[in-house]
Structure formats: structure tokens, C-alpha cells
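Generate coordinates for the sequence data below:
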Amino acid sequence: MRTLSRRVWFLLGFGVLLVVVLLYLNSRRPSARVAVVQAKRETFRSSITSNGKVEPIRPYSLRAQFDGFVDRVIAAEGKNVKKGELLLTIDDRDIRSQLDQARAQLTAQRDELRAAKSGGRADQAAKLVADLKSAEVERNLLQRQQETLTKLAAQSAATSQELERNRAALERAEATLDQAHKAKQEFEHQAELDQERLTLLVQHSETLVNDLQAKADSTRVVAPANGTLYSFPVHVGDFVHTGDLLAAIADLHELRVRAYIDEPELGQLKPGQTVVVTWDALPGRTWTGRTEILPRQVVALGSRNVGELLCTIENQGMELIPNTTVDVRIEINEIPDALVLPRGAVQIDGAHRYVYRFDNGRLHRTEIRVGVSNATQFQVLSGVTAGDTLALPGNTPLRDNMSVRVAIPESDDSE
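Coordinates of the predicted model:
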């Protein structure tokens with residue numbers, strides 16, 4: 001029994017000794033290494049990045065006014081042209097023939113219209129007037145004879161047969177006079193209808209002549225303004241249809257960029273913000289400008305919902321060309337002397353932001369208040385000061401009052 005008690009006490013003592021040794025060894029274990037950064041003051045910039053398309057601001061698109069063949073090509077794509085400079089010509093023989101026919105038709109219709117306005121054709125009008133006057137004379141003569149014969153018949157100086165023959169002749173004369181009146185009225189009414197009809201025909205023919213004249217004039221395609229001929233897709237002998245693009249001209253010293261901004265970022269846009277444009281075809285080159293017209297609606301662009309922001313950029317070297325796809329950065333905020341931290345140093349706990357401040361070999365969890373942010377940094381409003389050393393999360397989880405050592409960058413070790 002006594003032997004058993006000694007063994008128990010021996011085991012308990014050995015266990016206590018083992019725990020003490022382990023605690024000692026653990027306290028001697030090297031502290032975890034952490035990378036650190038320092039809070040510093042600098043000019044803070046936040047921006048929106050996206051893609052966009054380059055467009056001319058005031059383009060002039062010259063299109064074919066009729067179907068035809070390209071006769072001559074004088075200009076060349078990419079060249080600067082002056083207002084009024086001849087670019088190309090289109091075969092005008094068919095248009096000129098149509099124009100001559102339309103002009104002849106218009107002349108004939110105008111002559112007919114003038115006749116209708118004067119009461120109809122003069123020869124027809126004169127004949128109708130003469131027929132009417134002759135019918136009136138005949139009717140009046142027979143009326144007087146009828147009156148005379150009636151008196152004579154009452155005195156038995158004329159026979160009833162003579163009276164009846166005159167009455168029949170008088171009825172025929174009155175019918176002829178009535179027909180003459182109706183013919184003259186119908187002629188005058190027809191002249192009025194002809195006047196309305198011919199007025200419409202003349203207006204239609206005038207429009208046709210003007211249209212054909214414009215097409216005939218358009219066979220000589222000239223530059224409407226000074227600029228760069230940035231699109232010129234036609235060649236000699238090409239057949240062009242009405243509406244086909246013949247040439248596009250614009251002043252390329254200033255360009256418009258249509259930037260596609262994702263819906264959540266639209267609220268940060270304002271007119272006059274700085275825009276920086278880059279193009280993969282010319283690495284290292286940048287173009288700057290300003291936001292101009294803010295989006296008025298959200299549209300679908302592939303899987304994105306975007307607003308179309310219009311920006312004006314300077315292109316004095318005219319290296320950037322229309323219809324290219326570019327990268328766009330819009331500078332949203334610029335705060336001088338702002339206290340900033342890398343995003344990696346800031347951790348989130350619900351609505352709270354905090355960092356691990358390094359001091360005397362230990363970490364101290366410190367809550368901070370942040371302002372604006374960009375893709376890599378936070379602006380810090382309170383909680384730390386410039387020069388504070390802050391730990392960056394790594395393989396070892398960080399905790400308050402943790403003993404750590406600052407990891408020396410490999411570049412420093414190599415030195």
C-alpha cells in the first residue's frame with residue numbers, strides 16, 4: 001500500500017515537471033514574424049476605371065444620294081482635307097438624263113397651269129363664247145318673230161301652220177342656248193379643276209427637279225469642312241447604293257470618349273472630373289480630358305449594366321483614332337495631405353474597421369474610422385497617426401497583445 005502511494009506521488013511529480021518544462025520551452029519559442037507598414041500622409045486619389053470607345057465630336061458623314069458607280073477617287077484616307085476640296089465623283093449620266101426629262105415635263109405643266117388660270121385654252125374659250133352669242137341671237141330673233149306672227153294670226157294675216165313652225169324653231173333655239181350655257185359652265189368648272197390638278201403636278205415636278213438637281217450636284221463629293229478624312233471606304237468602279245457611306249471627316253484634335261461606367265459607380269460622377277485614357281496599341285501614352293455629359297440612363301452591355309459617360313479629350317498629336325477601344329480612368333477625389341493606409345492593413349468586423357498597431361514587440365488591436373477609398377488604399381480619419389507601424393495579416397492569425405517580430409524584407413537580407 002505504501003509502495004503504491006509512492007508511485008502515485010512520483011507520477012504526479014513527473015507530470016508537474018513535464019508541464020513546467022513545456023511552458024518554459026514554449027516561452028522560449030521565437031515570436032511570430034509579421035510584415036508591417038507605416039501610416040503616412042500623402043495626396044490621396046480615388047478613381048473609377050472602365051473601358052470606352054473613341055468617337056469624333058463633330059463628324060461629317062457623306063453618303064451616296066443615289067445608286068451609281070464611283071467614277072473617280074481623288075483623296076486618300078487619313079489625309080487632312082480642306083473645306084470644298086474634291087474627294088471623289090460618281091457617274092452622273094443617268095441622273096442628268098432624268099433631270100432633263102423632269103425639266104421638260106415641268107415646263108409643259110407650267111404652260112398648262114397658266115392656261116388654266118386664265119380660264120382655259122383661249123381657242124376653246126373663244127369658240128364657246130361665240131356659240132353662246134350665236135344661240136342667243138337666234139333665240140331672240142325667233143322670239144320677235146313669234147310675237148309678230150301671234151299678232152298677225154289674230155288678224156288672220158298669218159296661218160296657224162306658220163305660227164306653229166316658228167314656235168318649234170324657237171324651242172330648238174332655246175334648247176341650243178341652254179346647251180351653250182351648260183357647255184360654257186362645264187368648261188369654266190373644268191378649268192378650275194385643271195388649275196388645282198396642274199398646281200399639284202407642278203409642285204410635284206418642282207420637287208422632283210430639285211431632288212434630281214441635288215443628286216446631280218452630289219456626284220461631285222467635296223469636303224464640307226476642314227478635317228481629317230478618317231474613313232474613306234470606296235474605290236474607283238465601286239457600285240454604291242443610296243445611303244452608303246462615301247467618306248467621314250472630322251477634326252481629330254479633340255475627341256470624345258464614350259466610357260461605360262458600371263451602375264454602382266454612377267453616383268460618383270460629376271462634370272469636369274479629370275479623365276485619363278490609355279490605348280493598348282500605344283503603351284505608355286496617355287491622353288487627358290474632362291467628363292462632360294453624365295449618363296441619363298442605364299443600358300445592358302453584355303453581362304454589365306452601365307451608364308454611358310461622354311468625355312472630351314485632347315488629341316493634339318492625332319495619334320488616337322476614332323472607333324478604337326480604350327481604357328478609361330476617371331479621377332473622383334484628390335485629397336492633399338491625407339492619412340492613408342494600404343487596404344491589406346485594415347480588417348473588418350461588421351460595421352467596424354480596425355488595425356493591429358505594433359508597439360514594443362506587441363500588437364494592439366485599434367479601431368479606426370475611414371473616409372474615402374480606392375482600389376489599394378483607405379483614407380484614415382481617426383484611430384492612428386502618421387508614422388504608426390501596423391501589421392499586415394499573413395500565415396499567422398493576428399490577435400491583440402500578441403508578441404511578434406518584424407519581418408525583414410528579403411531585399412534587406414540580401415544586402
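
Who are the packing partners of the longest helix seen in the chain?
For the chain, the helix with the greatest residue count under DSSP state H is helix 160-217. Packing partners of helix 160-217 (3 or more C-beta pairs under 8 Å, 6 or more residues apart in numbering; DSSP states H and E): helix 93-117, helix 122-154. Bear in mind the C-beta positions are built from the backbone N, C-alpha and C, glycine included.

Next, the buried residues of the last one.
What it means is helix 122-154. 125, 128, 131-132, 135, 138-139, 142, 145, 149 (16 or more other C-beta atoms under 10 Å).

same question, stretch 390-407
390-391, 398, 402, 404.

before we move on, back to that, relative to residue 273, which of the buried residues of helix 122-154 is nearest.
Closest approach between these and residue 273, by C-beta to C-beta: residue 125, at 79.0 Å.

quick one on the thing from earlier: quick check: what element follows the longest helix of the chain along the chain?
Once helix 160-217 ends, the next helix or strand along the chain (criterion: DSSP states H and E) is strand 220-222.

of the buried residues of helix 122-154, closest to residue 309?
Closest approach between the buried residues of helix 122-154 and residue 309, by C-beta to C-beta: residue 125, at 72.9 Å.

circling back to that earlier point, quick check: which of the helices and strands packed on helix 160-217 is nearest to residue 287?
helix 93-117 (44.1 Å).

avg pLDDT for the closest one?
Mean pLDDT, helix 93-117: 88.

and that helix, what other elements does it pack with?
helix 160-217.

what angle sits between the helix it packs on and helix 122-154?
Angle, helix 160-217 to helix 122-154, by axes from the mean of the first three to the mean of the last three C-alpha atoms, to 10 degrees: 170 degrees.

that older thread, quick one: closest of the helices and strands packed on helix 160-217 to residue 261.
The minimum distance between residue 261 and those falls on helix 93-117, with 47.8 Å, by C-beta to C-beta.

by how many degrees do the closest one and helix 160-217 diverge?
On the basis of the same axes, to 10 degrees, helix 93-117 is oriented at 150 degrees to helix 160-217.

quick one: buried residues of helix 93-117?
Neighbour counts using 16+ other C-beta under 10 Å place 95, 98-99, 102, 105-106, 109, 112-113, 115-116 of helix 93-117 among the buried residues.

ditto for stretch 332-348
332-333, 338-341, 345-346.

Confirm that residue 260 sits in a strand.
Yes: under the criterion used here (DSSP: H, G, I helix; E, B strand; the rest coil), residue 260 sits inside a strand.

if I read this right, it contacts residue 49, doesn't it?
No: the pair residue 260 / residue 49 is not scored as a contact, 11.2 Å apart, by C-beta atoms under 8 Å.

For the two, indicate the residue with more neighbours.
residue 260 (19 against 14; other C-beta atoms under 10 Å).

pLDDT at the closest residue to the more buried one other than its chain neighbours, what is it?
The shortest distance from residue 260 to any non-neighbouring residue, by C-beta to C-beta, 6 or more residues apart in numbering, is to residue 306 (4.2 Å). Here, the pLDDT recorded for residue 306 equals 95.

could you list every residue that touches residue 306?
Neighbour list for residue 306: 50, 260-263, 295, 298-299 [criterion: C-beta atoms under 8 Å, 6 or more residues apart in numbering].

What separation do you get for the closest residue to residue 388 other than its chain neighbours and residue 340?
Excluding its sequence neighbours, the residue lying closest to residue 388 (C-beta to C-beta, 6+ apart) is residue 39, at 4.6 Å. As defined by C-beta to C-beta, to the nearest Å, residue 39 lies at a distance of 7 Å from residue 340.

joint contacts of the two?
With contacts taken as C-beta under 8 Å, 6+ apart, residue 39 and residue 340 have residue 380 as neighbours in common.
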